[in-house]
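Undergrad: structure of the sequence below:
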Amino acid sequence: MFKISKSSAHLCTRNLRTTAGLFQRVPMSKFDPETDVRDNFAVLQKNVDIVKSRLRRPLTLSEKIVYGHLDEPETADIARGESYLRLRPDRVAMQDATAQMAMLQFVASGIPRVAVPSTIHCDHLIEAQLGGDTDLNRAKDINAEVYNFLSTAGAKYGAGFWKPGSGIIHQIILENYAYPGIMLIGTDSHTVNGGGLGGVFVGVGGADAVDVMAGIPWELKCPKVIGVHLTGEISAWTSPKDVILRVADILTVKGGTGAIVEYFGPGVNSLSCTGMGTICNMGAEIGATTSIFPYNERMARYLHATERGEIAKIADNYKNLLASDEGAEYDEVIEINLSELKPLINGPFTPDLCTPVSEIGARAEKEGWPTEVKVGLIGSCTNSSYEDMTRSSSIARQAQSKGIKFKSLFTITPGSEQIRATIERDGIDKPLRDIGGLVLANACGPCIGQWDRQDIEKNEKNTIVTSYNRNFTGRNDANPNTHGFVASPEIATALALAGTLNFNPETDSLLDKDGNPFMLDTPYGDELPATGFDPGQDTYQAPPADSSAVKVDVDPNSNRLELLTPFAAWDGQDYNDLQLLIKVKGKCTTDHISAAGPWLKFRGHLNNISNNFLITAVNAENGEMNSIKNVTSGEFGPVPGTARDYKANGIGWVVVGDENYGEGSSREHAALEPRHLGGKAIIVRSFARIHETNLKKQGMLPLTFADPADYEKVQPGDKVSIIGLTEFAPGVPLTCKLTHSDGSTDEFKLNHTFNENQIGWFKAGSALNKMADK
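TA: Residues are numbered from 1 along each chain as shown. Model (predicted):
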């Protein structure tokens with residue numbers, strides 16, 4: 001283990017308890033006037049004191065905030081990577097695509113009002129097509145039924161509602177709700193963005209959000225802590241994005257699983273608060289539970305700029321809680337010298353395939369990747385800060401002065417209404433628009449596949465460069481041949497000007513309108529607007545104090561929304577002779593399990609969205625997508641249709657998968673769909689954290705091969721028996737018996753991570769069923 005040095009530790013300047021009477025009420029946000037941050041800090045300090053007296057060792061920052069939110073700190077079993085913690089998060093946030101199912105589950109729970117501050121954010125259902133207001137108005141019309149449901153459900157049950165056009169959930173959280181020391185869970189994997197403001201922000205499924213909104217402690221496996229020691233200073237064309245691109249290169253897409261990534265060291269102070277948010281945001285791409293930075297002056301500056309100066313003043317007095325203790329130990333440490341870091345670009349098809357920008361052109365030619373950049377896209381929840389936009393705009397101004405425009409198509413996605421209004425007021429977006437850029441709505445847009453792309457033919461092989469976070473196959477435009485590369489906004493802007501991957505802005509020249517060569521100057525920008533942020537239009541709807549008259553309607557004939565029917569409880573028997581539905585080969589993300597893009601419109605209708613189940617996963621039997629053999633008919637057909645046929649005939653089934661199954665987003669539909677279609681178990685070499693939990697919540701059995709090589713024993717047409725469920729217990733493996741088509745059999749062990757409470761979910765049929773039984 002690595003111990004933090006004394007020079008990296010912060011000393012408390014004043015004891016927590018001496019500050020309690022210095023201020024009047026300081027709300028968690030201006031939208032939560034009844035709350036008081038001082039109460040949260042008092043509980044945090046109390047719990048940390050209890051835990052430190054028990055463990056008798058220094059704590060990392062991550063441990064302080066996580067353990068500081070324990071439900072029962074006096075007795076909680078605390079063992080990194082082993083025990084399960086019962087936690088009390090401070091608030092919940094939900095984006096509209098996942099909020100539909102979360103609120104449908106909350107409605108089904110029968111609980112009258114949320115127990116913690118909660119918000120719903122409309123950002124996922126706006127398709128990028130023609131630009132800004134046009135796309136927004138179209139989305140309001142198309143999604144009126146869903147927006148009305150979320151608006152009235154929020155009003156009925158006490159959740160704040162951010163209307164479409166407000167911006168991306170993670171930017172809204174950073175601007176309004178995040179603060180040092182908070183614990184927030186959100187129904188989106190990039191909730192982790194908030195770690196840039198020194199809190200613990202974790203992406204979860206909707207069922208987890210329902211637990212917290214219902215006042216039930218939230219379960220999390222006690223995370224390990226990976227330290228990233230930053231030295232040096234960031235400069236020139238290098239940006240905070242390059243830090244996380246490098247970390248992804250080191251840890252890969254599963255290297256952070258089960259761990260919090262904690263950044264520390266003198267290099268931290270060279271990063272802006274929003275830059276730290278960028279780094280934390282893409283921590284989701286390495287499977288990390290979350291990422292976090294210690295509280296510093298850059299965070300305080302951002303809090304003051306977003307009208308939360310009183311919270312900054314309080315945080316200034318509690319630095320002992322907001323940084324690691326001297327001597328705190330990490331499970332692993334990565335060293336990064338920011339002064340030596342160069343601009344990077346990751347991809348295609350996976351966010352951990354890292355190449356220096358100086359080498360990407362040559363590598364693309366060697367690998368057969370298209371070098372022409374068809375589209376450059378900046379913005380999204382990862383990189384849409386004022387600083388990001390001003391640095392990209394500085395490049396556009398240089399191009400404008402030389403009389404040239406983008407060679408590629410180019411889009412700009414403001415992260416929030418506040419960012420849009422501020423960059424418009426300050427003239428930041430104008431140079432980008434003047435050289436050919438298109439400003440999209442304040443929403444997720446192409447980052448999540450909400451992109452009506454028209455510039456290429458269907459399935460045309462092409463390259464795009466984005467400042468987004470994910471670049472899985474078909475992620476942005478549903479084209480499996482789009483080679484998506486992830487870089488900083490500055491690099492995406494420069495490559496769109498050049499129109500090719502064969503361009504390194506640090507060494508190569510462009511041609512001005514007269515054909516004369518020139519080099520781009522180093523991009524520059526303002527960390528925060530000199531005249532403050534312009535909030536733009538008011539897009540927030542507060543829940544009424546009395547919601548008794550509010551009615552939440554779901555049309556029984558709707559194809560967008562559907563009330564939930566409880567899943568059946570376990571019958572008390574082992575699972576015998578289940579049918580193998582599909583053996584998945586290779587990478588299988590939540591995008592493969594439950595595609596986004598055009599399917600987002602069905603996120604509130606479980607039966608309809610189940611028609612996308614595993615349609616882009618590769619069948620190991622034939623190497624094809626959405627083509628599996630139906631053993632009852634002997635014919636090959638789509639995965640969802642075959643699953644439905646088995647369910648109709650009373651045949652339970654299992655899916656077998658490879659490594660890191662379910663990586664990517666937090667979408668619980670990837671767990672709800674197999675349950676709805678009659679699935680019993682998912683057996684894989686390894687799981688991504690959120691997906692494994694989501695499967696447990698819905699009464700599925702997420703199991704792993706005790707010996708990963710046993711994956712190879714599974715054959716097409718196998719019958720699968722899972723033995724030992726009648727004695728199902730934590731830490732006790734189950735037995736899998738395969739019966740092959742020729743009558744031969746194989747037996748091997750299957751591991752699981754269920755604890756006693758989670759076994760209760762399985763026996764009841766789902767976590768929601770167990771909640772309803774109480």
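
Undergrad: average model confidence for the longest helix seen in the chain?
TA: Looking across the chain with DSSP state H, the single longest helix is helix 37-55. For helix 37-55, mean pLDDT rounds to 97.

Undergrad: give me the buried stretch members for it, please.
TA: Buried residues in helix 37-55, defined by neighbour count with 16 or more other C-beta atoms under 10 Å: 37, 38, 40, 41, 43, 44, 45, 47, 48, 50, 51, 52. No exception for glycine: its C-beta is placed from N, CA and C like everyone else's.

Undergrad: ok, and what's touching that helix?
TA: With contacts defined as C-beta atoms under 8 Å, 6 or more residues apart in numbering, helix 37-55 is touched by 16-17, 19-20, 23, 25-28, 59, 63-65, 67-70, 73-74, 76, 78, 90, 179, 181-182, 311, 314, 318, 321.

Undergrad: okay, now residue 71: neighbour count?
TA: 15 (other C-beta atoms under 10 Å).

Undergrad: measure it to residue 183 for me?
TA: 12 Å (C-beta to C-beta, to the nearest Å).

Undergrad: just residue 487 next, same as before
TA: In terms of C-beta to C-beta, residue 487 sits 32 Å off from residue 183.

Undergrad: and these two? Which one has more around it.
TA: Just comparing residue 487 and residue 183: by other C-beta under 10 Å the higher neighbour count belongs to residue 487, 29 against 24.

Undergrad: ok, now which ones touch the more buried one?
TA: 241, 245, 343, 344, 345, 346, 357, 465, 466, 467, 495.

Undergrad: ok, 10 Å please
TA: By C-beta atoms under 10 Å, 6 or more residues apart in numbering, the contact set of residue 487 is 239, 241-242, 245, 343-347, 355, 357, 360, 376, 378, 383, 465-468, 493-495.

Undergrad: in strands only, show me those.
TA: Secondary structure from DSSP state E places 344, 345, 346, 355, 376, 378, 465, 466 of the contacts of residue 487 in strands.

Undergrad: by neighbour count, which of these wins?
TA: Busiest of those [other C-beta under 10 Å] is residue 376, holding 31 neighbours.

Undergrad: wait, that one touches residue 468, no?
TA: No: judged on C-beta atoms under 10 Å, residue 376 makes no contact with residue 468 at a distance of 11.2 Å.

Undergrad: what's the overlap in contacts for those two?
TA: 485, 487, 492.

Undergrad: packing partners of the helix or strand containing the first one?
TA: With the criterion set as DSSP states H and E, the secondary-structure element containing residue 485 is strand 482-486. Packing partners of strand 482-486 (3 or more C-beta pairs under 10 Å, 6 or more residues apart in numbering; DSSP states H and E): helix 240-251, strand 344-346, helix 357-367, strand 373-379, strand 462-466, helix 489-498.

Undergrad: model confidence over the first one, on average?
TA: By that I understand helix 240-251. Computed over helix 240-251, the average pLDDT equals 98.

Undergrad: that one: which residues count as buried?
TA: 240, 241, 242, 243, 244, 245, 246, 247, 248, 249, 251.

Undergrad: now residue 412, what's its secondary structure?
TA: Taken by DSSP: H, G, I helix; E, B strand; the rest coil, the conformation at residue 412 corresponds to strand.

Undergrad: tell me what it is bridged to.
TA: Note on residue 412: beta-bridge partners by DSSP bridges are residue 378, residue 439.

Undergrad: would you agree it is in contact with residue 375?
TA: No: at 11.9 Å, residue 412 does not count as touching residue 375 under the criterion of C-beta under 10 Å.

Undergrad: higher neighbour count, the two?
TA: residue 412 (28 against 25).

Undergrad: the more buried one: what's it in contact with?
TA: 131-132, 376-379, 384, 389, 392-393, 396, 420, 423, 428-429, 432-433, 437-440, 467, 489, 493.

Undergrad: ok, residue 168 next?
TA: 95, 121, 123-124, 162, 174, 188, 190, 193, 379-382, 384, 413-416, 419, 442-445, 447-448.

Undergrad: in stretch 340-350, which residues are buried?
TA: Buried-residue list, stretch 340-350, by 16+ other C-beta under 10 Å: 341, 343, 344, 345, 346, 347, 348, 349, 350.

Undergrad: just the pLDDT at the closest residue in space to the second one that isn't next to it in sequence, thanks.
TA: Computed as C-beta to C-beta, 6 or more residues apart in numbering, the closest residue to residue 343 that is not its neighbour in sequence is residue 357, at 4.3 Å. Reported pLDDT at residue 357 in the predicted model: 98.

Undergrad: residue 357 reaches residue 364, doesn't it?
TA: No: using C-beta under 10 Å, residue 357 is not in contact with residue 364; the gap is 11.5 Å.

Undergrad: ok, the two, which is more surrounded?
TA: residue 357 (25 against 22).

Undergrad: kindly reformat the helices and strands packed on strand 482-486 as JSON lines and extend each row with distance to residue 514.
TA: Shown next, in JSON lines, are the helices and strands packed on strand 482-486 (distance: least, C-beta to C-beta, whole Å):
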{"stretch": "helix 240-251", "distance to residue 514": "33"}
{"stretch": "strand 344-346", "distance to residue 514": "30"}
{"stretch": "helix 357-367", "distance to residue 514": "25"}
{"stretch": "strand 373-379", "distance to residue 514": "23"}
{"stretch": "strand 462-466", "distance to residue 514": "27"}
{"stretch": "helix 489-498", "distance to residue 514": "16"}
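
Undergrad: of all those, which lies closest to residue 649?
TA: strand 462-466 (43.2 Å; C-beta to C-beta).

Undergrad: roughly how far is the closest one from the heart of the chain?
TA: 21 Å (C-alpha atoms, centre = their mean, to the nearest Å).

Undergrad: so residue 762 touches residue 700, yeah?
TA: Yes: under the criterion of C-beta under 10 Å, residue 762 makes contact with residue 700 at 8.1 Å.

Undergrad: quick revisit: for the contacts of residue 412, which PyMOL command selects only the ones that are buried?
TA: To isolate the buried members of those in PyMOL, using 16+ other C-beta under 10 Å:
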select buried, resi 132+376+377+378+379+384+389+392+393+396+420+423+428+429+432+437+438+439+440+467+489+493
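
Undergrad: the stretch 451-600 of the chain: helices as residue ranges?
TA: 489-498, 590-593 (DSSP state H, counting those that start in this stretch).

Undergrad: now the last one: average pLDDT?
TA: What that stands for is helix 590-593. Per-residue pLDDT over helix 590-593 has a mean of 94.

Undergrad: thinking again about what came up before, now do the shared contacts for residue 71 and residue 183.
TA: 87, 88, 218.
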